[in-house]
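Mind folding the following:
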Amino acid sequence: MPKPTRRPRPAVDPRIGPALQDLHSHELSGVVRYLHYAHMIMGANRIPIVAWLKDQANEAMDHAWKIGEKMTALGLHPEMRVSPVPETGKHSVLEVEVPAKEATRTHDNIRGGLYYAATKEHEC
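Numbers count the residues shown, from 1 in each chain. This is a model prediction of the structure:
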C-alpha cells in the first residue's frame with residue numbers, strides 16, 4: 001500500500017508570522033481581561049454585566065482559536081503570550097462597567113489595527 005503523500009505547506013512571508021502572533025496574543029489578553037472583570041464585579045445588576053463580559057471573553061477566545069489554527073496551518077507556532085491585567089481595586093458595578101466598556105472599545109480598535117497590519121504584510 002503506497003504511503004499517502006503530504007502536500008507541501010505554502011511558503012509564508014516571514015512578516016506574516018509576527019503579525020499573526022500579535023493578533024493571537026491580543027485576543028488571548030482580551031479573554032483574560034474580560035474574565036477578570038467578570039469575576040471581580042460586585043453589586044446590584046451584576047448578572048447581566050457578567051453575562052456580557054463572558055460573551056466578550058468567548059468572542060475573544062473564538063478569535064484566538066481561529067488565528068492559532070491559521071498559524072499552525074501555515075507551519076507557525078502560536079505562543080501563549082498574555083498581557084497583564086492592571087488591578088484597580090475597584091469592583092462595584094459602576095466602577096467596573098464603564099472601564100470594561102472602554103476596554104472593549106480599545107480592544108476592538110487595536111484588533112482592527114492588527115488585522116489591517118497583518119493583511120498589509122500579507123499583500124507584500
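
Now the helix or strand containing Gln21: average pLDDT?
Using DSSP states H and E, the element containing Gln21 is helix 16-40. In this model, helix 16-40 has an average pLDDT of 90.

buried stuff in it?
Of the residues in helix 16-40, those buried under the neighbour-count criterion (16 or more other CB atoms under 10 Å) are 16-17, 19-31, 33-38, 40. Backbone N, C-alpha and C define where each C-beta goes, glycine included.

Over to stretch 57-75?
Of the residues in stretch 57-75, those buried under the neighbour-count criterion (16+ other CB under 10 Å) are 57, 59-61, 63-64, 67-68, 70-71.

Now distance to Ala44, pLDDT and secondary structure too, for these, in CSV please.
Output for these, formatted as CSV (distance: CB to CB, whole Å; pLDDT from 0 to 100; DSSP: H, G, I helix; E, B strand; the rest coil):
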residue, distance to Ala44, pLDDT, secondary structure
Ala57, 22, 94, helix
Glu59, 26, 93, helix
Ala60, 27, 93, helix
Met61, 28, 96, helix
His63, 32, 94, helix
Ala64, 32, 95, helix
Ile67, 37, 94, helix
Gly68, 38, 96, helix
Lys70, 42, 93, helix
Met71, 43, 93, helix
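
Let me have these in CSV, adding distance to Ala11 as columns.
As requested, these are arranged in CSV below (distance: CB to CB, whole Å):
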residue, distance to Ala11
Ala57, 35
Glu59, 32
Ala60, 30
Met61, 30
His63, 25
Ala64, 25
Ile67, 20
Gly68, 20
Lys70, 15
Met71, 15
